[in-house]
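J.: sequence and predicted structure, then a few things I'm wondering about:
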Amino acid sequence: MEIVEIKNEYIERLRKTFPHVMKCSNIYSKHSRKYVGIILQIKKFSYYAPFSSPKNYDYDLKGLPKKSSPFVLRIIDHDINNKKIIGKIILNCMIPVPNKFIKHFDLKYIRDENYKNLLLSEFKWIQKNIGEITEAALKVYQTKNNKIVLPFRKIEKYIIKRYNL
């Protein structure tokens with residue numbers, strides 16, 4: 001398991017047919033977002049599961065992290081006295097990706113030490129919880145007729161046809 005980045009050209013092309021695929025840029029940001037996440041194997045496809053930052057709504061009224069849902073896995077750093085969400089894996093936004101659009105995300109080129117340490121912490125959590133992540137991803141994949149899940153099988157057919165897989 002490794003941290004990967006998905007090439008923007010693939011995402012933009014895919015969004016033309018499937019507009020609910022996550023955007024490369026955020027309307028509240030001047031910068032485009034890198035597609036950083038992990039790759040999971042589902043059937044014969046490599047599925048990219050994106051990382052996301054925690055938001056206020058990830059905590060309950062007491063300030064404690066909410067439990068992960070079937071669609072969003074919260075990555076929790078268990079500090080000595082407190083629990084803090086350091087990131088999320090957004091399974092309902094995972095997409096099949098041909099290997100030629102996947103590139104290794106090399107942490108040694110990250111200049112921001114806080115971001116590098118955050119990714120390292122997320123990666124350690126992922127390594128410890130890979131079984132849970134894989135099981136949750138399969139459940140999301142098998143979810144049908146749910147408005148918050150992308151049409152995985154349609155996207156698979158699209159990339160088979162478009163990229164001759």
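T.: Sure, I can see it.

J.: list the buried residues of the least confident helix or strand in the chain by mean pLDDT.
T.: Sorted by mean pLDDT, DSSP states H and E, the helices and strands of the chain end with strand 72-78, the least confident at a mean of 86. Buried residues in strand 72-78, defined by neighbour count with 16 or more other CB atoms under 10 Å: 72-77. (Glycine included, C-beta is placed from N, CA and C.)

J.: which parts of this structure are helices?
T.: Listed in chain order, the helices of the chain (DSSP state H) span 8-17, 113-128, 130-142, 152-163.

J.: could I get the average pLDDT for the last one?
T.: Per-region confidence: helix 152-163 scores 92 on mean pLDDT.

J.: what angle do it and helix 130-142 make?
T.: Interaxial angle, helix 152-163 versus helix 130-142 (axes from the mean of the first three to the mean of the last three CA atoms, to 10 degrees): 90 degrees.

J.: still on that earlier bit, remind me what the least confident helix or strand of the chain packs against, helices and strands.
T.: Packed against strand 72-78 by the contact rule (3 or more CB pairs under 8 Å, 6 or more residues apart in numbering; DSSP states H and E) you find strand 83-90, helix 113-128, helix 130-142.

J.: ok, now with 10 Å
T.: Of the remaining helices and strands, those touching strand 72-78 by 3 or more CB pairs under 10 Å, 6 or more residues apart in numbering; DSSP states H and E are strand 45-52, strand 83-90, helix 113-128, helix 130-142.

J.: okay, those in CSV with distance to residue 154, mean neighbour count and mean pLDDT next?
T.: Rendered in CSV, the data for those read as follows (distance: least, CB to CB, whole Å; neighbours: other CB atoms under 10 Å; pLDDT from 0 to 100):
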stretch, distance to residue 154, mean neighbour count, mean pLDDT
strand 45-52, 13, 20, 94
strand 83-90, 19, 19, 90
helix 113-128, 28, 14, 90
helix 130-142, 13, 16, 93
